[in-house]
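Asks: Everything below, folded, please.
(one chain, ligands or ions: 1)
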Amino acid sequence: MSVLDGILDGVREDLATRQSAVSLAELKARVGDTPPALEVLPRFRAPGVSIIAEVKRSSPSKGALADIPDPAALAKEYAAGGAAAVSVLTEQRRFAGSLVDLESVRRAVDIPILRKDFIVTPYQVWETRAHGADLILLMVVSLDGGLLADLLGLTRELGLTALVEAHTADELARAVEAGADLIGVNARDLTTLEVDRTVFKQLAPAIPAGTVAVAESGVSGPEDVAEYRQWGADVVLVGEALVRSGDPRSSVREFMAAAGD
Ligand SMILES: O=C(O)c1ccccc1NCC(=O)[C@H](O)[C@H](O)COP(=O)(O)O
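Replies: Okay, the predicted model is just below:
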């Protein structure tokens, strides 16, 4: 069983628990009471590289990364440094995240928030909007057949923007075919956990003009952001390097400045 398959098994079990506690009808009612999602794409198309700064406590590849007792305080630092959006990992078992983190970040900042999780059902899309996120991650590798198009359609209906993530040329072709406006290339192979930033360089030319290109994972310093930018990234998503930096506000600034535009 691959790492990803193991994660997905846990995600489905936890999802079943939440579904028995909160019905879809209840979630839909909550969405009705939630302020509309922020528009994201114009922010990412603004001149210069945009940074999505991640709240990441732990990961399958590295184990514990950072003690983050107050994700809202971290998110405020990211926003003060100029981050275009905050990514919040909500998967509990391997990343030590939660929907409570997402809600506290929502209350703390007025920039867009990405729910970074393993989304495999419409219920999770409703849940994402009900907890106040503006963006949702859809990973092509875990969405077979028409499920990618179905979930992409639902995200749009709910005013969310989907970050459609690929790691291979085939997955990228599926993201393009599905009509994604925001495509991420993850340098991390989620089946082996190996990181190779040049995967972005290889795949970026196949991202259509006008589609926002996001480089995800593997940044350890400003020079990596600069390189992703040279390879065509509009947006760079950074987790570990920021939570371990000791000064997330300045680090976001440095990462943006490194792109030199
Ligand atoms: O980070 C992991 O080990 C990981 C393993 C399996 C599935 C997903 C994983 N991470 C999610 C992410 O995509 C990253 O948190 C994100 O791109 C930031 O990466 P990094 O800057 O390398 O922390």
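Asks: just checking, D189 touches H167?
Replies: Yes. Between D189 and H167 there is a contact at 5.8 Å, judged by CB atoms under 8 Å. Using the backbone N, CA and C atoms, a C-beta is placed for each residue, glycine as well.
Asks: between those two, who's got more neighbours?
Replies: A count of neighbours by other CB atoms under 10 Å puts H167 above the other of D189 and H167, at 24 against 18.
Asks: got the contact list for the more buried one?
Replies: V141, V185, N186, R188, D189, L190, V199 (CB atoms under 8 Å, 6 or more residues apart in numbering).
Asks: E216 bridge partners, please.
Replies: With DSSP bridges applied, E216 shows beta-bridge pairing to N186, L237.
Asks: So what's the residue count around the closest residue to the ligand within the stretch 151-261 of the chain?
Replies: Distance from the ligand to each residue of the stretch 151-261 of the chain (CB to the nearest ligand atom) is smallest for G239, at 2.9 Å. G239 has 25 neighbours, counted by other CB under 10 Å.
Asks: now do P205
Replies: Counted with other CB under 10 Å, the neighbours of P205 add up to 8.
Asks: How about the contacts made by it?
Replies: Per CB under 8 Å, 6+ apart, neighbours of P205: G232.
Asks: SS state for it?
Replies: Classification of P205 by DSSP: H, G, I helix; E, B strand; the rest coil places it in helix.
Asks: Distance check, it against E216.
Replies: Look at P205 and E216: by CB to CB, to the nearest Å, they are 17 Å apart.
Asks: Repeat that for S104.
Replies: 23 Å.
Asks: Give me the more crowded residue out of the two.
Replies: Between S104 and E216, E216 has the larger neighbour count (other CB under 10 Å), namely 29 against 17.
Asks: Alongside the ligand, which residues does the stretch 51-200 of the chain contribute?
Replies: E54, K56, S59, P60, S61, N186, R188, L190, L193 (CB under 6 Å from any ligand atom).
Asks: Share the number of residues neighbouring the fourth one, please.
Replies: Counted by other CB under 10 Å, the residues lying close to P60 total 16.
Asks: do the same with the fifth one
Replies: Number of residues near S61 (other CB under 10 Å) recorded here: 16.
Asks: part of a strand, is it?
Replies: No. Counting by three-state DSSP, S61 falls outside a strand, being coil.
Asks: Might one say that it is in contact with D189?
Replies: No. Assessed by CB under 8 Å, S61 is found out of contact with D189, at 10.4 Å.
Asks: Now for those two: what residues contact both?
Replies: V195.
Asks: need the helices for this protein, in chain order.
Replies: Counting by DSSP state H, the chain has helices at residues 3-21, 24-32, 41-45, 71-81, 99-108, 122-130, 147-157, 169-177, 198-203, 222-230, 240-243, 248-258.
Asks: Which of those sits closest to V88?
Replies: V88 lies closest to helix 99-108 among the helices of the chain, at 4.7 Å (CB to CB).
Asks: tell me what that closest one is packed against?
Replies: helix 71-81, strand 85-89, strand 113-116 (3 or more CB pairs under 8 Å, 6 or more residues apart in numbering; DSSP states H and E).
Asks: Pick the most buried one from the ones you listed.
Replies: Across the helices and strands packed on helix 99-108, averaging neighbours per residue (mean count of other CB atoms under 10 Å) puts strand 113-116 on top, at a mean of 29.
Asks: For D110, see how far away L151 is.
Replies: From L151 to D110 the distance is 26 Å (CB to CB).
Asks: what about V109, neighbour count?
Replies: 18.
Asks: so what's it up against?
Replies: A72, A75, K76, Y78, A79, V86.
Asks: pretty sure the last one contacts K116?
Replies: No. If you go by CB under 8 Å, V86 and K116 don't touch, sitting 10.0 Å apart.
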